[in-house]
Structure formats: structure tokens, C-alpha cells
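Participant: Build me a model from this:
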Amino acid sequence: MRYYPVIYQAIDEVEAALKGMLKPEFEEVQLGTAEIREVFRSSKVGNIAGCLVTSGTIRRNGRARLVRDGVVVADNLGIESLRRFKEDATEVREGFECGIGLGSYNDIKVDDVIETFDTREIPRA
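Facilitator: Next up is the predicted model:
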């Protein structure tokens, strides 16, 4: 049993306990987009997308989706390799060209768009 000099302290403690029991909510935040300009075939890695970053930044090991003609073709892909010329890059900013490897997913075509995103937890109100 707990004693509170003011009833508002008890209400605040009960609300805090209830918020901790609720499942967290997540929102998706778009980080950047890249347009595929060329597709390179590699026997070791698979297909590599030669891209121009059109907005935001593209980060290695981020989550991505592939959009073709305004329709999402593949979702929740991982960016496994990101290169700028012949060097590995951790991120590429808007206006620069890069090579993106989407792991085992090889169904990429010229003019497809790669959208990268991150999921963040929203505090419960």
C-alpha cells in the first residue's frame, strides 16, 4: 500500500504504469530515394544497381523498398553493399552517383526507384 499526499501523484504513477504495458508504436521515416540508371551484372554478387541519389541520403545496411512505375515491387530489402566508384561508402548524399547491391534480390530494372526508410518508436501519449 502506498500513501500519496496529493491525488495527482497517484494518477501520474498509474498512467506511467499503463503506458509501460502498452505495445510501442512505430512510424516509418523516409531517408532518401535513388533512381536506377544502369544495371550491372556480377557473377559473384548478382545484380548491382547504378544509381543517382535524387533526395536525402542512402545508407549502407539500411532498409529499402523497390518501386517500379509507382507500384511497390519489393519491400523490406536490405542494402548490403554501397559503393562510390571503387570504394565502399557508408552513405551517399543527394546528387551523387553510387552502386547499390540489394543482396539476393536481383529483379531490378532501369528507371526503378529505391526508397530507403527507417522505423522509429513513437512514445505513447
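
Participant: Please make it C-alpha for all contacts and neighbour counts, starting now.
Facilitator: OK.

Participant: Quick check: neighbours of the longest strand seen in the chain in the sheet, parallel or antiparallel?
Facilitator: If you go by DSSP state E, the chain has its longest strand at strand 25-42. Strand 25-42 has its sheet partners listed here by DSSP bridges as strand 46-59 (antiparallel), strand 113-122 (antiparallel).

Participant: The first one: how far from the chain's middle?
Facilitator: With CA atoms, centre = their mean, to the nearest Å as the basis, strand 46-59 stands 13 Å off its chain's centre.

Participant: Buried residues in that strand, which are they?
Facilitator: 46-59 (16 or more other CA atoms under 10 Å).

Participant: Repeat that for stretch 36-43.
Facilitator: Taking 16+ other CA under 10 Å as the criterion, stretch 36-43 shows 36, 38, 39 as buried.

Participant: of all these, which comes closest to residue 76?
Facilitator: In terms of CA to CA, no member of the buried residues of stretch 36-43 lies closer to residue 76 than residue 36, at 17.8 Å.

Participant: Who are the contact partners of the closest one?
Facilitator: 49, 50, 51, 52, 109, 110, 111, 112, 113, 114 (CA atoms under 8 Å, 6 or more residues apart in numbering).

Participant: can you do 7 Å?
Facilitator: The contact partners of residue 36, taken as CA atoms under 7 Å, 6 or more residues apart in numbering, are 49, 50, 51, 52, 110, 111, 112, 113.

Participant: how many other residues sit next to residue 105?
Facilitator: 13 (other CA atoms under 10 Å).

Participant: From residue 112, how far out is it?
Facilitator: 14 Å (CA to CA, to the nearest Å).

Participant: now residue 86
Facilitator: Counting by CA to CA, the gap from residue 86 to residue 112 is 23 Å.
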